[in-house]
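Participant: Could you work out the structure for the sequence below:
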Amino acid sequence: MGGSGERRAALGRHGHGWYTRAFVLLALVSTSLVVRGIFPQPSLALAPPPAVTEFQVPINGSDPLGVTSGPGNALWVADSNDFNGQKVEKMTTTGAVTGYNVPGGQSPSCPQGCVDPASIVQGPDGNLWFTELTSAANAVARLNPSTGVVTTFDVGITPASEPWGLTIGSDKNLWFTENVPGGRIGRITTAGVVTEFPVSTPANTPFGITSGPDGNLWFTEQSSASTPTKVGVMTVTGAMVTEITIDPTGQGLSGITTANDGNLWVTEQSGHQIVGINWMTKAVIKRVGDGTLGPGSLVNNPADGLLYFIETTGNSIGRFNPNDPAPTISHFGVPTAGAFSGGAPPQGITVGPDGNIWFAEGSPKADAGPSPIHALGRLTLGPAVAFSATSEDFGAKAIGASGSQTLTISPGAATSTSRTTPAPRRSPRAAPPAPSA
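Facilitator: I've put the predicted structure just below:
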C-alpha cells in the first residue's frame, strides 16, 4: 500500500528538496558577490553607436545641395556645380556615383552653364524633379531616371525669382518657393504647366516648403532682422490660409517638415532653435535648442519617430524626439571640418533607402574655383548612444527647458544634451540678426 505516490511525497520532503534549497541559496550568494564586485560581472557587447561615414562625389566642381531617396534604391543629388555639366547625381548606398548632364544656364559670366540645382524630390510620376536656382536658369526641371533626359520648364516662372524649395502637394502636383523678397509660391504639374500664387507678406522671402497633415502647403518666410519671421499656410488652390508669426524679428527660418507627433517643425538658422507648431491651432507649442545650433534642413524619420537636422555651426547632425515634453538633443560630429557653414545655404538631408540618414556636404567656392568639400554623409543608425568624458554646460541658455543642459560633441560619435540641475529663470536672450536673403 502507499506505493509510488507516497514515495514521491517522501522524496519531495527529504530527497531532491534540499538540492533545490541549496541551489537557490548559492544563486543569491553569487548575485550578492557580483553586485559587491567580488566576482567580476561579464561585460555585454553593445552595438556600435551611430556614426558618420562620408562618400565623395568624384565630379570636378561638385557642390551638393539637395538630396532625396529615389529610383534604384539610391540617393539622388541636386548639385550646384558651376564647373561641370553633370549637375544631378545618382549615388548608391555603397557610394558609386553616376552623373547626369543638365543643360542651360549659360551667360557671359558663366558660359559653361550655371544652373545650381537646389532642391530635389521624386515626383508622383516617378521622375526626379529639381529647382534651378540661378537667375540665368530660373526654372524647375524633370529628369527621367530611365533615359537620363532632362526637360526644363521656365515658362510661367517670374524672371529672376530663383526657385528653391520643392515638395509634392496633396493634389499630386509639385510646389516650389521663389527665393527672393516678394517671391511667390509656384505650382507645376507633371506636364510642366506653372502657376504662381502670392503670399500675404510680399516683402518676405519664401524658402522651405512641405505638405502638411491638413493637405495644405506650409512654407517658411525669411525676413529682415527688424520684421517678424513667419510661416505661411496655403491651400492647393493657391489661397492663403494664414501666416503664423514665429518670432518678432527675423531669425533665418529655413527647413520645415511634419514630424511623427503630427505637428510642423521649422528651423531658425540664425535663431539657433527648432520650433514646433500645432497644425490645427496654428500655435507655437515648443522650442528646442541650446543657442548655438544654427539648424538648417531637417527630416522626420518614421522608423524611430525622431527629427534629424543639420547643425551648420556645430559641423554635426542633431536629433531629438518631438514627443518629449522637454526634448534633449543628441549630436553626431561630421569628420570633415567645414562640411557645413553657418552663413551658407543649408544642405539637404533625407532618410535613405537603407534606413539611414543621408545628407549633403559642401562649402563655399574657393577663389572662384570649385568647392573644396563635395560629399554625401551617411549617419548609420544604431541603438547605442556614446557619451563623451568632457562636456560644456550651457546652463539656462537651453530653450524650452527649466533645467540646465549639458552638451558634448565628439566627431563620429553620438553625444547628448541632457537635463541636469534646475536653473533659475532668466529673461529671453536677444535674438541675433537674420542672415541676408
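Participant: And this protein, what are its domain boundaries?
Facilitator: 11-40, 51-384 (automatic domain parsing).
Participant: for those domains, which one ends up most surrounded?
Facilitator: Ranked by mean neighbour count, these are led by domain 51-384 with a mean of 20 (mean count of other C-beta atoms under 10 Å). C-beta coordinates here come from the backbone N, C-alpha and C atoms, glycine included.
Participant: average model confidence for stretch 77-92?
Facilitator: Stretch 77-92 shows a mean pLDDT of 94 in the predicted model.
Participant: and if you look at stretch 193-212?
Facilitator: Taken as a whole, stretch 193-212 has a mean pLDDT of 97.
Participant: For it, measure first residue to last.
Facilitator: One end of stretch 193-212 sits 23 Å from the other (C-alpha to C-alpha, to the nearest Å).
Participant: roughly how far out does it sit from the chain middle?
Facilitator: Distance of stretch 193-212 from the chain centroid (C-alpha atoms, centre = their mean, to the nearest Å) equals 21 Å.
Participant: Then stretch 157-176?
Facilitator: The answer for stretch 157-176 is 20 Å, by C-alpha atoms, centre = their mean.
Participant: Secondary structure class of the residue lying closest to D354 once chain neighbours are set aside, three-state.
Facilitator: Nearest residue to D354, sequence neighbours excluded (C-beta to C-beta, 6 or more residues apart in numbering): T93, at 4.7 Å. Look at T93: counting by DSSP: H, G, I helix; E, B strand; the rest coil, its state is coil.
Participant: Give me the helices and strands touching the host helix or strand of T152, please.
Facilitator: Using DSSP states H and E, T152 falls within strand 150-153. Secondary-structure packing of strand 150-153 (3 or more C-beta pairs under 8 Å, 6 or more residues apart in numbering; DSSP states H and E): strand 139-143.
Participant: what about the helices in the stretch 1-150 of the chain?
Facilitator: 3-14, 17-36 (DSSP state H, counting those that start in this stretch).
Participant: Could you tell me the least trusted of those helices?
Facilitator: helix 3-14 (a mean of 36).
Participant: which residue is nearest the centroid of the protein?
Facilitator: Among the residues of the chain, the one closest to the centroid is L298, at 2.4 Å (C-alpha atoms, centre = their mean).
Participant: Okay, and the beta partners of that one?
Facilitator: Here L298 sits in beta bridges with F309, going by DSSP bridges.
Participant: now the nearest residue to G123 once chain neighbours are set aside: how far from V284?
Facilitator: In this structure, G123 finds its nearest non-sequential neighbour in W129, 4.6 Å apart by C-beta to C-beta, 6+ apart. With distances taken as C-beta to C-beta, to the nearest Å, W129 is found 31 Å from V284.
Participant: ditto for V275
Facilitator: On the measure of C-beta to C-beta, V275 and V284 end up 6 Å apart.
Participant: Distance from stretch 305-312 to the middle of the chain?
Facilitator: Counting by C-alpha atoms, centre = their mean, stretch 305-312 comes out at 4 Å from the chain centroid.
Participant: which residues do V275 and V284 both contact?
Facilitator: I246 (C-beta atoms under 8 Å, 6 or more residues apart in numbering).
Participant: Low-confidence regions, this protein specifically.
Facilitator: Scanning the chain for pLDDT under 70 picks out 1-48, 366-367, 382-437.
Participant: same thing but at 50, please
Facilitator: Scanning the chain for pLDDT under 50 picks out 1-47, 384-437.
Participant: what's near enough to touch T53?
Facilitator: Neighbours of T53 in contact, by C-beta under 8 Å, 6+ apart: 377-378, 380.
Participant: try it again with 6 Å
Facilitator: For T53, the contacting residues are R378, by C-beta atoms under 6 Å, 6 or more residues apart in numbering.
Participant: Ok, A118 next?
Facilitator: Per C-beta under 6 Å, 6+ apart, neighbours of A118: 65-66, 78, 131, 133, 164.
Participant: How about P346?
Facilitator: Here P346 is in contact with 254, 296-297, 310 (C-beta under 6 Å, 6+ apart).
Participant: measure it to P124 for me?
Facilitator: P346 sits 25 Å away from P124, going by C-beta to C-beta.
Participant: Check M91 too.
Facilitator: 23 Å.
Participant: Residues touching stretch 269-282, excluding its own?
Facilitator: 212-214, 242, 244, 246, 251-252, 254, 263-267, 284-289, 291-296, 399, 432, 434-435.
Participant: again with stretch 171-189
Facilitator: Outside stretch 171-189, the residues that touch it by C-beta under 6 Å, 6+ apart are 123-124, 129, 131, 140, 161-167, 169, 194-198, 202-203, 205-207, 209, 217, 219, 234, 236.
Participant: Report the beta-bridge partner residues of T350.
Facilitator: On the basis of DSSP bridges, T350 is bridged to W358.
Participant: Surely it touches P64?
Facilitator: No: using C-beta atoms under 6 Å, T350 is not in contact with P64; the gap is 11.8 Å.
Participant: which element is K230 on?
Facilitator: Here K230, judged by DSSP H and E, is contained in strand 229-234.
Participant: Alpha carbons of whichever helix or strand comes after that strand, as CSV, please.
Facilitator: For strand 229-234, the following helix or strand on the C-terminal side (DSSP H and E) is strand 240-247. The C-alpha trace of strand 240-247 is given here as CSV (Å, rounded to 0.1, in the frame of the first residue of the first chain):
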residue,chain,number,x,y,z
MET,A,240,-3.6,81.9,-48.3
VAL,A,241,-5.0,80.3,-45.1
THR,A,242,-2.9,82.3,-42.6
GLU,A,243,0.6,83.4,-41.7
ILE,A,244,1.9,82.4,-38.3
THR,A,245,4.4,84.7,-36.5
ILE,A,246,7.2,82.6,-35.1
ASP,A,247,9.3,85.5,-33.7
